[in-house]
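J.: Predicted structure and sequence below. I'll ask about it afterward.
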Amino acid sequence: MSLAGTALLSPPILCFGLGALSVALRSNLRLPAPVFEAVSIYLLLAIGLKGGAELGDTRFADFALPALAGLALGIAIPIWCFFGLRRFAGFGTPDAAALAAHYGSVSAVTFIAVVAYLDARTIPYEGFMTALLALMEAPAIIVALLLARLSGRKEKLGHALQEVLGGKSILLLVGGLLIGAVLGKAGLAPVQPFFGELFLGFLCLFLLELGVVAAKSADDAIRAGPRLVAFALAAPPVHGLLGVALGLASGLSEGGAVILGTLAASASYIAAPAAMRIAMPEANAAYGLAAALAVTFPFNLTLGLPLYAAMARLLAG
């Protein structure tokens, strides 16, 4: 079976499809809000703990170049997105900046999906990739706000930064990294059955709910017109190729390059929307959320992961 076919038949992806199907069938299928909140906390903390334990065994010299590659992507992607969306797609400054922030930042859930994808295929990758995830979440939002300010708008940069850095995802990821680095693999052994062996099951529940949310957001993406849908479909392969190439050039393994490519190809629908809501309330919030969640996220989940794996294998020779 092809990589794409294998990805489509994985339990998390099928659960995502089931959630989307429930909307088409007008079912009332939903995870209760407290359950969804608890599952999201579990997933973010689990990847933080695992990454921290691996980071504790990593030399700084091995991490430095990949970290620079991640920062370079977090700065470059929102710049070209901002100017491209304004010039070629006709978006105004607030909407272009908001979309640039969404697509320059990263999706923790997409990261979880690519890690599960690689684990299922026993493809090795560097343990410090969780640290790259945390490192890449905020820079693009800062860059997008600065671009909007340079274009003649005075945005609430401080409030937006506080929202990003103090948000749940950053707190859990960085906190988990620190705990994992302090305790190490031996110290985390007592909780390994909970945070390790049950991880895929919780991911299935999480993606079941996201399938419902994505399907309900599809109408917003369609109403925004073909320019938004085209951007949301074209950006991931381009960004994914850049991420894979920079990952391999920075010394990452093939699996690590797949993760960096996936992060570059992903779009934030948690941190970026929250920050943009504070900094640029005049931007159309439906644009970024619908494009990231209803178009880019399903693309990455079904076609993107095997595509970035194929890119890494091809470029690695």
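T.: Perfect, thanks for sending it.
J.: from here on, contacts and neighbour counts on C-alpha atoms
T.: Noted.
J.: tally of neighbours for the closest residue to Gly255 other than its chain neighbours?
T.: Leaving aside its sequence neighbours, Gly255 sits nearest to Tyr125 (C-alpha to C-alpha, 6 or more residues apart in numbering; 4.5 Å). Counted with other C-alpha atoms under 10 Å, residues neighbouring Tyr125 total 18.
J.: How about Cys81?
T.: Applying other C-alpha under 10 Å, I find that Cys81 has 23 neighbouring residues.
J.: Now it. Nearest residue, chain neighbours left out?
T.: Using C-alpha to C-alpha, 6+ apart and skipping residues adjacent in sequence, the residue nearest Cys81 is Ala100, 5.2 Å away.
J.: do the same with Ala131
T.: Per C-alpha to C-alpha, 6+ apart, closest to Ala131 is Gly51, 6.7 Å.
J.: That neighbour against Ile179, yeah?
T.: No - if you go by C-alpha atoms under 8 Å, Gly51 and Ile179 don't touch, sitting 9.9 Å apart.
J.: Between the two, which is the more surrounded one?
T.: Shown here are Gly51 and Ile179; by other C-alpha under 10 Å, Gly51 has more neighbours (28 against 20).
J.: Would you check how far apart the nearest residue to Gly243 once chain neighbours are set aside and Phe91 are?
T.: In space, and not counting its chain neighbours, Gly243 is closest to Gly261: 3.8 Å by C-alpha to C-alpha, 6+ apart. Using C-alpha to C-alpha, to the nearest Å, Gly261 is found at 26 Å from Phe91.
J.: With Leu205 instead?
T.: Relative to Phe91, Leu205 is positioned 36 Å away (C-alpha to C-alpha).
J.: how about the residue nearest to Cys81, what does it touch?
T.: Ile77, Pro78, Ile79, Cys81, Phe82, Ala140, Ile141, Ala144 (C-alpha atoms under 8 Å, 6 or more residues apart in numbering).
J.: Assign a three-state SS to it, would you?
T.: With DSSP: H, G, I helix; E, B strand; the rest coil as the basis, the three-state label of Ala100 is helix.
J.: just to revisit the earlier point, please identify which of Gly261 and Phe91 sits among more neighbours.
T.: Between Gly261 and Phe91, counted using other C-alpha under 10 Å, the more crowded position is Gly261 (33 against 18).
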